[in-house]
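Visitor: sequence first, predicted coordinates after that:
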Amino acid sequence: MPAKDIFHDLVKRALQQDGWTITHDPLFMEWGEAEIYVDLGAERLLAAEKGQQKIAVEVKSFLAPSVMSEFHAAVGQYID
């Protein structure tokens, strides 16, 4: 299981305050042969005729001197 980002709990609370229900912490997904963990899975009930809206949230902070290097490292986790 991956380590939580320093902003994980802050993002989780913000989603909850906005009406989202956290369904998974973390959300495990299989994509082809790859197994990945997304930081949070959440859903919010909408009007009955619209069903449910669901999201998966990946929390990343870019605190290193090179933001682009951090970005490439984050994206690289999901590109095979």
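Guide: Structure's in. What do you need? Numbers count the residues shown, from 1 in each chain.

Visitor: give me the beta-bridge partners of E35?
Guide: E30 (DSSP bridges).

Visitor: oh, that last question was meant for R44, not what I typed.
Guide: Beta-bridge partners of R44, as defined by DSSP bridges: Q53.

Visitor: how many neighbours does it have?
Guide: 13 (other Cβ atoms under 10 Å). For the C-beta atoms, the positions are set from N, CA and C on the backbone; glycine is no exception.

Visitor: and it, how far from W31?
Guide: 24 Å (Cβ to Cβ, to the nearest Å).

Visitor: strands along the protein, start to end?
Guide: For the chain, strands defined by DSSP state E occupy the ranges 21-24, 27-31, 34-38, 40-45, 52-57.

Visitor: weakest of these by average pLDDT?
Guide: Comparing mean pLDDT over the strands of the chain, the weakest stretch is strand 40-45, at a mean of 73.

Visitor: what residues does that strand touch?
Guide: 8, 11-12, 15, 18-27, 52-57, 59 (Cβ atoms under 8 Å, 6 or more residues apart in numbering).

Visitor: stretch 4-16 now?
Guide: I22, D25, D39, L40, A42, V57, V59, K60, S61, L63.

Visitor: how about that stretch as PDB, C-alpha atoms only?
Guide: Extracted C-alpha coordinates of stretch 4-16, given in PDB (Å, rounded to 0.1, in the frame of the first residue of the first chain):
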ATOM      1  CA  LYS A   4      -0.100   9.000   2.000                       C
ATOM      2  CA  ASP A   5       0.800  12.400   0.600                       C
ATOM      3  CA  ILE A   6       1.200  15.200   3.200                       C
ATOM      4  CA  PHE A   7      -2.000  16.800   1.900                       C
ATOM      5  CA  HIS A   8      -4.000  13.500   1.900                       C
ATOM      6  CA  ASP A   9      -6.100  14.200   5.000                       C
ATOM      7  CA  LEU A  10      -6.700  17.900   4.000                       C
ATOM      8  CA  VAL A  11      -8.000  16.800   0.600                       C
ATOM      9  CA  LYS A  12     -10.200  14.100   2.200                       C
ATOM     10  CA  ARG A  13     -11.800  16.600   4.600                       C
ATOM     11  CA  ALA A  14     -12.400  19.100   1.800                       C
ATOM     12  CA  LEU A  15     -14.200  16.500  -0.200                       C
ATOM     13  CA  GLN A  16     -16.300  15.500   2.800                       C
END
